[in-house]
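Visitor: build me a model from this:
(2 chains)
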Amino acid sequence: MKRKKNIKRKSSAYSSLSLFQKSGTKFFKPCPLSGKEAPIVNYKNIKVLKKYISESGRILPSRVTSVSQKKQKELARAIKQARVLALI
Amino acid sequence: MNCYEHTLITRHDIQENQNQNIIEKYQNIINKNSGKVVKVEEWGLKNLSYEIKKNKKGHYIHIKFDGIGKTIEELENAENIDEMLIRFLTVKVKKHDLETNYFEKKESTVTIEKK
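Guide: Below you'll find the predicted structure:
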């Protein structure tokens, strides 16, 4: 984690120039579901869950959505519960 | 005692009185088997996102209750036989969330006033 942050600070001036980005390095993006004003992950909260499924109803991987490991587990469970009730 | 949330889906072609009967029936089952009903929510008629047993719509009933393992066992045994139900789900929660209702509808308040 520390290393990723350092990379971002150094390359912040060049962040728009993705051409010069080393292959394999990622920019750090905070998790959208953790933090103070994050939405509650719950099988009843369909608005939030719909953001994290694809058009065909599959769960999106966390490397695409940059959701943290802990929240991704919660999310996967909530989506599966909502599927049982035919909400999604 | 643990906190549980229970959601039922009943068939759309039944009458409204029957819906009330179903709620009472399962409330009684919970109360008899050392459980305690905290709150009942009606989410109303909703479209199912996929067909279940050739049904496209269903009435959603949400019950929050405290209970033990035996309560759920008895409750689900009774529901497995019931032909009025399409599906049910029990979820264990750490604490009851009584404030937010994600499926708020005006219809549910009207039915309470009529009583």
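Visitor: which positions in chain B make contact with chain A?
Guide: Proximity of chain B to chain A, by C-beta under 8 Å from any C-beta of the partner chain, involves residues B:7, B:9, B:48-50, B:52, B:58, B:60, B:87, B:89, B:91, B:102-103. For every residue, glycine as well, the C-beta is placed using N, CA and C.
Visitor: and residue B:33, backbone torsions?
Guide: Note on residue B:33: backbone dihedrals following degrees, to the nearest 10 are phi -100, psi 60.
Visitor: what's around it, how many residues?
Guide: Residues contacting residue B:33 under the criterion other C-beta atoms under 10 Å in any protein chain shown number 15.
Visitor: where is the longest strand in chain B?
Guide: For chain B, the strand with the greatest residue count under DSSP state E is strand B:36-52.
Visitor: now the angle from the helix or strand just after that strand to strand B:36-52?
Guide: Where DSSP states H and E defines the elements, the next helix or strand beyond strand B:36-52 is strand B:55-67. Angle of strand B:55-67 versus strand B:36-52, following axes from the mean of the first three to the mean of the last three C-alpha atoms, to 10 degrees, is 160 degrees.
Visitor: pull the number of nearby residues for residue B:25.
Guide: For residue B:25, the count of nearby residues is 13 (other C-beta under 10 Å).
Visitor: tell me the SS of it?
Guide: Here residue B:25 is helix, with the state taken from DSSP: H, G, I helix; E, B strand; the rest coil.
Visitor: which ones are touching it?
Guide: Listed by C-beta atoms under 8 Å, 6 or more residues apart in numbering or on different chains, the contact partners of residue B:25 are residue B:78.
Visitor: buried sites along the longest strand of chain B?
Guide: B:37, B:40, B:41, B:42, B:43, B:46, B:48, B:52 (16 or more other C-beta atoms under 10 Å in any protein chain shown).
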